[in-house]
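Enquirer: next one to model:
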Amino acid sequence: MKVLVLGASGFIGLPVAQALVRAGHSVYGVTRSAAKAKQLAAEEIIPIVAEVAKPDTWISHVPTADVVIDAVGGMEIKTLSDSVLQAVSQAAKARRPSFAPKLSYIYSSGTWVHGDSRTEVVTDTTPCTNPMPLVAWRVDQENRVVSDPNVNGIVIRPALLYGRSGSLLAPLFEGASKGKVAWYGRTGSRFSMIHCDDLADLYVRAAENAQLIAGKVFDAANDFTESGDDVLNKLVEVSGAKGPAEWIEPENPYHEALNCTSLLRPYLARALLGWQPRKPGFVDGLATYYAAWQAAAGTWQQSQGRNFSEHK
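Expert: Residues are numbered from 1 along each chain as shown. This is a model prediction of the structure:
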């Protein structure tokens, strides 16, 4: 397949593009940075240096693509999500041969659309009636994707991501590296989580089966939720930070979303795509994940020096 990944140098887009390359597909990756384009090329991802917000810089690849993956992040994501969908939809309608199979379009949403509840179990097909305020707009966007007449729309909702450079958890690790473990939220929280490599595997399976799963919405999460208290306490142990860990009262909708408890039991990707997360859970593998973040952040060598000095 020819796959166009928008946001190919991001925390979702890069592992997805790498996994697609390993699966044998031709992958084109859009990034705004020439330096990151070089990194993509080194991964055998064909780089396109362009602004996602300016479709004319990348839209020419859409008519001949089999799949377009929207893995765009950043501050402008709310406005970009719909404008990107409309640009791809219009290009598919106007430039794609009428006899060709429909272009498949995979949109990256998130499990925060399920909202916060410590009592209600939710699944892929549970109606999203009370999303977190920060991402309430995504519910309508998901509906636009799966109902678009010109593409095979598919939605993947990643849970809280971990692994590699840390994603949204990087500030938590950074605080730990400076001696203090603290996180926005309240005791008793439970997090739905997914490793970026397991997430990438789901995108590959969805892309390869896109003609069969059009209109579907998949929650991408481990089979189990993780205790927020366990996460913080384990990080104190792993990082050597001074305890005890602390919860910080949320100050804005983003902080509230970070503390979102979703008792999520996803089933659809397992049933339809044979997908199964394989990475250790966040708490179980935290020593490895924290070391990976240190290496990515350039603090690993410094910490190893400190550890060596402590054991002399």
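
Enquirer: please name the nearest non-neighbouring residue to Asn259.
Expert: In this structure, Asn259 finds its nearest non-sequential neighbour in Gly185, 2.9 Å apart by CB to CB, 6 or more residues apart in numbering. For glycine as for every other residue, the C-beta is placed from the backbone atoms N, C-alpha and C.

Enquirer: output the below-cut-off pLDDT ranges for this structure.
Expert: Along the chain, the parts satisfying pLDDT under 70 run over 299-312.

Enquirer: what about the lengthiest helix in the chain, distance to the chain center?
Expert: If each helix of the chain is counted by residues according to DSSP state H, the longest one is helix 77-95. On the basis of CA atoms, centre = their mean, to the nearest Å, helix 77-95 is displaced by 20 Å from the centre of the chain it belongs to.

Enquirer: who touches that helix?
Expert: 6, 52-53, 55, 59, 62-63, 68, 70, 72, 74, 102-103, 105, 107, 137-138, 141, 144-145, 148-151 (CB atoms under 8 Å, 6 or more residues apart in numbering).

Enquirer: put the alpha carbons of the helix or strand following it into CSV.
Expert: Proceeding N to C from helix 77-95, the next assigned helix or strand is strand 103-108, under DSSP states H and E. In CSV, the C-alpha atoms belonging to strand 103-108 read as follows (Å, rounded to 0.1, in the frame of the first residue of the first chain):
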residue,chain,number,x,y,z
LEU,A,103,-9.6,6.1,-0.1
SER,A,104,-9.3,5.0,3.5
TYR,A,105,-8.9,7.7,6.1
ILE,A,106,-7.8,7.0,9.7
TYR,A,107,-8.4,9.7,12.2
SER,A,108,-6.6,9.8,15.6
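
Enquirer: mind giving me the packing neighbours of strand 103-108?
Expert: Where contact means 3 or more CB pairs under 8 Å, 6 or more residues apart in numbering; DSSP states H and E, strand 103-108 is packed against strand 67-70, helix 77-95, helix 137-147, strand 151-158, helix 196-208.

Enquirer: quick one, helices of this structure?
Expert: 13-22, 34-42, 77-95, 137-147, 170-177, 196-208, 228-239, 253-258, 268-273, 286-297, 300-310.

Enquirer: can you redo those as a markdown table with mean neighbour count and distance to Tyr28?
Expert: Formatted as a markdown table, the helices of the chain follow (neighbours: other CB atoms under 10 Å; distance: least, CB to CB, whole Å):
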| stretch | mean neighbour count | distance to Tyr28 |
| --- | --- | --- |
| helix 13-22 | 24 | 9 |
| helix 34-42 | 15 | 9 |
| helix 77-95 | 17 | 13 |
| helix 137-147 | 16 | 20 |
| helix 170-177 | 19 | 28 |
| helix 196-208 | 22 | 13 |
| helix 228-239 | 19 | 37 |
| helix 253-258 | 17 | 31 |
| helix 268-273 | 16 | 23 |
| helix 286-297 | 18 | 25 |
| helix 300-310 | 11 | 33 |
